[in-house]
Structure formats: structure tokens, C-alpha cells
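Just to be clear, the model below is a prediction. Sequence and coordinates:
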Amino acid sequence: MNKRIDSLGRIVIPKDYRKKLNINDGELLNIEYENDSIVISKKEIEDKTKKFLNLIINNMSIYFKKNIIFFDISGNIYKSKENIEFDKNIIVKFKTKINNIYYDNNQIFPVYVNGYLYGGLIIIDYEEELKKQVNAYINLIEKYIEE
């Protein structure tokens, strides 16, 4: 497939390719030069970020005394307990309708990194009085992943 580069050096990755690789708006890609070619691949989450997310989700669960689910728009899921049910199809719906979307009557809080939607946070049996603390945790997640 041939694509033109615009005056800013950009190309469009065809929708079919993005769909096959589950590449979403704002997602980081690896661009490398190999054997006189440019190779573009999906950037995988680093192990230290996975460890951080598992740690923060478990910490939130202990602090709030609630079960917690965090997912990124690429489909990685972090749960405070393995046996918590989660339908991955909600991720597709969430990407198209970010605000006021619920999972089993639990609000999904959007998480943004560098201005782009990164994922969602679900607190099972959420109570409105937790909002300030939840926002503090979301800010911590956003700051860590930005770096």
C-alpha cells in the first residue's frame, strides 16, 4: 500500500491496520529504522507500569474497602481480585461514549494521559463521598504514566 507524507511528515495508518492491531487515538507507537526501512509497531506497556498499576489498584481497594477494576483502551485489565467479572466489550463502548457510562451500575471514571483517553477506572459499589479521593488516585495514575 502506498501513502503520501504531508508537509509535516505525517502519514495515515489505514483503519484496517489500526483495527487489526487495536491501535487507538493517542496511543504510543514505536518507530524504528531497520535495514533501510521504517518499522512502526504498537508500544507495549512496560513491566514497571504494569507493576505500578497493579500496586495502585490493590492500594485503592484496601483504602476504599471496595473492589477496583482499571483498564486501558488497548485492552489491558487490572483488578483488585482475580475473580471480579469484567466484560471487555465495555472498553469499545467506553471509547465512543466516555462520559456517563456505567458498568453493572458502576460509573467508569476516564483516565487521560497527555490529553488523550488512556483508560477507565471502576469502583464497585462507588459512593459519591469518595469522589475527592478517587480523583487524587486518578491524578496519580495519569502523572505516573505521563512520565
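Right, received. Where do you want to start?

mind checking the longest helix of the chain?
Longest helix in the chain, counting residues (DSSP state H): helix 47-64.

tell me which residues of that one are tucked away?
Neighbour counts over helix 47-64 (16 or more other C-beta atoms under 10 Å) mark 49, 52-53, 56-57, 60-61, 64 as buried. C-betas here are computed from N, CA, C, even on glycine.

Would you check how far apart Cys67 and Ile124 are?
Cys isn't right for residue 67; it's Asn. 4 Å (C-beta to C-beta, to the nearest Å).

circling back to that earlier point, avg pLDDT for the longest helix of the chain?
Average pLDDT, helix 47-64: 93.

burial measure for Ile5, as a count.
Neighbour count of Ile5, defined by other C-beta atoms under 10 Å: 9.

In this structure it contacts Ile11, no?
Yes - at 5.5 Å, Ile5 and Ile11 qualify as touching, with contact defined as C-beta atoms under 8 Å.

Overlap of the contact sets of Asn67 and Ile124?
Taking C-beta atoms under 8 Å, 6 or more residues apart in numbering as the contact rule, Asn67 and Ile124 both touch Ile84.

any low-confidence regions in the chain?
26 (pLDDT under 70).

which stretches of it form strands?
Here the chain has its strands, by DSSP state E, at 29-34, 37-42, 68-72, 77-79, 102-103, 106-113, 116-123.

Comparing these, which comes out most buried?
Of the strands of the chain, the one with the most neighbours on average (mean count of other C-beta atoms under 10 Å) is strand 68-72, at a mean of 24.

which residues are contacting stretch 60-77?
Counting by C-beta under 8 Å, 6+ apart, 22, 24, 27, 42, 45, 50, 53, 56-57, 78-81, 84, 86, 88, 91, 94-95, 103, 111, 117-126, 130, 133-134, 137, 141 sit against stretch 60-77.

try 7 Å
22, 24, 27, 45, 53, 57, 78-81, 84, 86, 88, 91, 95, 117-125, 130, 137 (C-beta atoms under 7 Å, 6 or more residues apart in numbering).

Kindly check the end-to-end length of that stretch for me.
Distance between the two ends of stretch 60-77: 15 Å, counting by C-alpha to C-alpha, to the nearest Å.

hmm, back to that, measure how far the longest helix of the chain is from the centre of its chain, please.
Offset of helix 47-64 from its chain centre (C-alpha atoms, centre = their mean, to the nearest Å): 14 Å.
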